[in-house]
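Engineer: Coordinates only, no sequence provided:
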């Protein structure tokens, strides 16, 4: 009888335990929830790590652009006697040039384009921008002043800047220098005052863009209407440029020959 009673009690306890809630069966420590919250709070999304890595990579790449190799850019062909010091240099076939840091040298619009000028019988190797005598002229990119000089029958007072991106810019017909050779300048920094010196028919800025002495049509790099570069990187191609130069020279010779023929015909009459 006693044995049957024990069996009944055990069965009753089994039934009661089955009816109890699951949480009553497995009670967690009181501090469990707090520890769980602390663990979650200490975690950060994986995207945060990715953003940090990308930011550090961007800063590293940016520092490479902003800190050029001084010896490579400014160590050779630093002769200040000529606008083009790269007479014997080997010019690469192609070169990607970072022009993202451009600053428009003067606010004026274009008054004369790059190319052959029938009126003068020569190639105009830059762009003319409107200004008044005394207007501030600013550096187009970060760089170093290579030369400040006067040329009576050409540029007048002019400045040549070699830039960290390997290009050079020329600023002609100035009235006053605000910088000296070997001086470091930032894009947008004043370098001179506008003028009407040299071979000029009125106040304007003659502005050239060159790579290793090769004059490039500034409109290939710069959108002069909006005063920004077309792209952050300009792709220089020597073969394309040589083809353009050769075509212009042929056109110039043909026009010069036609003018001489016209003069001889007029004299005979």
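Structural biologist: Received, thanks. Values in this document were obtained by computation on a predicted structure and should not be read as measured data.

Engineer: could you pull out the helices for the stretch 1-150 of the chain?
Structural biologist: Listed in chain order, the helices of the stretch 1-150 of the chain (DSSP state H, counting those that start in this stretch) span 2-19, 22-25, 32-42, 46-66, 70-74.

Engineer: worst average pLDDT in these?
Structural biologist: Mean pLDDT is lowest for helix 22-25 among the helices of the stretch 1-150 of the chain, at a mean of 48.

Engineer: hang on, isn't residue 156 packed against residue 133?
Structural biologist: No - between residue 156 and residue 133 there is no contact, the gap being 11.6 Å when judged by C-beta atoms under 8 Å. For every residue, glycine as well, the C-beta is placed using N, CA and C.

Engineer: what sits in contact with each of the two?
Structural biologist: Among the neighbours of residue 156, those also in contact with residue 133 (C-beta atoms under 8 Å, 6 or more residues apart in numbering) are 195-196.

Engineer: pretty sure residue 112 contacts residue 128?
Structural biologist: Yes - with contact defined as C-beta under 8 Å, residue 112 reaches residue 128; the gap is 3.7 Å.

Engineer: These two: who's more crowded?
Structural biologist: Ranked by neighbour count (other C-beta atoms under 10 Å), residue 112 and residue 128 place residue 128 first, with 22 against 15.

Engineer: Isn't that one up against residue 108?
Structural biologist: No - here residue 128 lies out of contact with residue 108, judged by C-beta under 8 Å, at a distance of 9.2 Å.

Engineer: any common contacting residues for those two?
Structural biologist: 204-205.

Engineer: If I follow the layout properly, residue 126 ends up in contact with residue 206?
Structural biologist: Yes - contact between residue 126 and residue 206 holds when scored by C-beta under 8 Å: they sit 5.1 Å apart.

Engineer: any residues in contact with both of the two?
Structural biologist: Here residue 126 and residue 206 have 170, 172 as joint contacts, going by C-beta under 8 Å, 6+ apart.

Engineer: Tell me where the stretch 51-200 of the chain has strands.
Structural biologist: Secondary structure of the stretch 51-200 of the chain (DSSP state E, counting those that start in this stretch): strands at 94-98, 110-112, 115-117, 122-124, 127-130, 136-138, 143-151, 156-163, 167-177, 184-185, 190-194.

Engineer: among these, which is nearest residue 234?
Structural biologist: Evaluated with C-beta to C-beta, the strands of the stretch 51-200 of the chain place strand 94-98 nearest to residue 234, the distance being 4.7 Å.

Engineer: Only the buried residues of that closest one, if you could.
Structural biologist: 95, 97-98 (16 or more other C-beta atoms under 10 Å).

Engineer: Counting by contacts, list what it packs against.
Structural biologist: strand 233-237 (3 or more C-beta pairs under 8 Å, 6 or more residues apart in numbering; DSSP states H and E).

Engineer: ok, residues contacting the strand it packs on?
Structural biologist: Contacts for strand 233-237 (C-beta under 8 Å, 6+ apart): 92-100, 211, 214, 216, 220-221.
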